[in-house]
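Student: Turn this into a structure:
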Amino acid sequence: MKVDLSQWHPVASSSDLPLRHVYQGQLWGHELAIWRADDGHVNVWENRCLHRGVRLSIGLNEGSELRCLYHGWRYANRTAGCTYIPAHPADAPARTVCNNAYQCIEKYGLVWSVVAPERSFETPVTLTDTVPLTLRAIQINAPSDLVQKFATDYPYGMVTHKSDTSMTLQSGVSELQLFFQPVDSGKTIIRGLLIPQPIDPIVALRHHNAMMTALRDKIELAVSGLAPPRAIEVEFKPVAKDLAQMPNINTAGPKVELRAKVARKWLTAQQVMAFRLEAFSEQFPTFQPGAHIDVSLPNGMLRQYSLTNGPGQTDHYTIGVKRDVASRGGSICLHDDVQEGDVIAISAPHNNFPLRRDAVKTILISGGIGITPLLSMAQALKAQELPFELHIFVQTKADLAFPEILQDLDALTKIYMGLSPRATRNVISGVLANYVAAQHVYICGPGVMLEAAREAAKKCGWPDEAVHFEYFKNSKEIDDKTTFEIALSRSALTLQVPAGKTILQILRENGIEVPSSCEQGACGTCLMTVIGGEPDHQDVYLSTKEKASNQKIITCVSRSKSNQLVLDI
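Tutor: All right, here's what the predicted structure looks like:
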């Protein structure tokens, strides 16, 4: 039998995809997990989890993500990218951890897909501008070419068209389209469309079901004495073992490799402009709650903004930007110069503020525009029905950004307005009182509020590893007057870091690729392991405990108190 992987075939009926169901299909030996997300998008994926190969068709369709039932790996609607690995709850999976997604299109009551597309989907001419009746699919234990040969005798009308994938039979003004889905070398599914819709669809469905069943029995009887054909061998590509725990980072400094159209720009709160960025290709890369993107601005600046998207929303990214007259010009450029319809360059998402989903309860605390990453977290927690609280501190109601999202989170949200710094500190202390093991808190907002919240958490007995925070920026004054040397243990290099230059700069000047994003000591992307020496920590990313251990350093701002630092690179 000729195997043509470039041909489009129907692999399911629209009726096979009810709410929150996963349908198991197959095409040319390739097992498929087919599911419809709550936003209506149909996904056709390779039917196995990347971890242990368990079929995703027995997983859970949670509306925006598909969850494997074995070890709980989650995959995003549209992109098939892994969003969460329970064995590594504190890490964001690498973007390279992504299932194999097949091209698909839903038309005329059928879902069509292809294994190795060389051409785009072409609508059969007779199906244009029509609403056919979808017949019940019939599986036949026989090769596709043999099924097509017998199908010419189907008792309906005259064969007016025949191809490798379909057949048309005409009976008066009515037409029957038969499509042949090669499940494997010895199995075929016939899917039929009746044009136009008959007056009594139930009678037509029963009639053709009886005729299809008779055809199946006839074909299977004819092949009963033949040796079964050899099954089609399908090659699987396992995910690299180390990818599961790698952070989602760039490999050579800030990159803005994606192009996005500003589809919508609107004032979401006082002095806060929201931007909906849409992809020119079908989808943006997968993100996880807490992720941010780098945005290249028309004035030449590069700035980082958190994504507010809920789970599975990869057809667009949404960011919120607060106008800051004291800034160096990034927010002002976005507010004044970037307009709807503009094309801007952005990076794929980075995540140095990942959300754990194994907490007995999650507390989210935001101040001002710090709400943005926490909105993404709250939507993910709500979608999974995980317990959480969202506490928002603003000066006035006009300062509440993204009210349309907050409305959906209303029952789980507490808003505090116009509080003094002392009152804010007291409320946060109350929220964090009575720590229970396995709770986690996430804090994002102005530096003063973050310091107060971290201090309150410490006094209330929260362990360092349960307190997660993200600063807008590093407002500390950086002292770059010292000179020292860095010894690179795996590169067998010793380099001098002079006054006025950072470790990050010296590494790049010597041809060593280092990931980075904000380059001001706030995001943690350029984090490195310290083997020897005493770092001079000048960042706002590491926790107090992490700084005291002297095992990590943020290379874009921090320096050395000792004459030499030994780095694990």
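
Student: Next, the buried residues of stretch 83-96.
Tutor: Neighbour counts over stretch 83-96 (16 or more other Cβ atoms under 10 Å) mark Thr83, Tyr84, Ile85, Asp91, Ala92, Pro93, Ala94, Arg95 as buried. Just so you know, the C-beta spots here come from the backbone N, C-alpha and C atoms, and that holds for glycine as well.

Student: Let me fix that, I meant to ask about stretch 399-407.
Tutor: For stretch 399-407, using 16+ other Cβ under 10 Å, the buried residues are Asp399, Leu400, Ala401, Phe402, Ile405, Leu406.

Student: List the contacts of the residue most central in space within the chain.
Tutor: By Cα atoms, centre = their mean, the chain has its centre lying nearest to Thr286, at 2.7 Å. Thr286 makes contacts with Ala76, Thr79, Ala80, Gly81, Cys82, Thr83, Arg95, Cys98, Thr314, Pro349, as judged by Cβ atoms under 8 Å, 6 or more residues apart in numbering.

Student: What is the burial count for the nearest residue to it once chain neighbours are set aside?
Tutor: Using Cβ to Cβ, 6 or more residues apart in numbering and skipping residues adjacent in sequence, the residue nearest Thr286 is Gly81, 2.5 Å away. Using other Cβ atoms under 10 Å, Gly81 has 25 neighbouring residues.

Student: Give the bridge partners for Gly81, please.
Tutor: Listed beta-bridge partners, Gly81: Cys98 (assigned using DSSP bridges).

Student: Would you quantify the distance from it to Asn352?
Tutor: 18 Å (Cβ to Cβ, to the nearest Å).

Student: go on, Ile371?
Tutor: Ile371 is 18 Å from Asn352, by Cβ to Cβ.

Student: which one of these two has more residues nearby?
Tutor: Neighbour totals were compared for Ile371 and Asn352, and Ile371 leads with 29 against 22 (other Cβ under 10 Å).

Student: quick one: contacts of the helix or strand harbouring that one?
Tutor: Secondary structure from DSSP states H and E places Ile371 in helix 371-383. Applying Cβ under 8 Å, 6+ apart, the set of residues contacting helix 371-383 from outside is 62-65, 287, 289-292, 305-311, 319-320, 353, 355, 357, 362, 364-366, 387-388, 390, 392, 401-402, 405-406, 408-409, 412-413, 442, 444, 470.

Student: Recalculate using a threshold of 6 Å.
Tutor: 289-290, 306-311, 320, 353, 355, 362, 364, 366, 388, 390, 401-402, 405, 409, 444 (Cβ atoms under 6 Å, 6 or more residues apart in numbering).

Student: From the residues you listed, keep the buried residues only.
Tutor: Among the contacts of helix 371-383, those buried by neighbour count (16+ other Cβ under 10 Å) are 289-290, 306-311, 320, 353, 355, 362, 364, 366, 388, 390, 401-402, 405, 409, 444.

Student: Take those and keep only those in strands.
Tutor: Ser306, Gly320, Thr362, Leu364, Ser366, Phe388, Leu390, Cys444 (DSSP state E).
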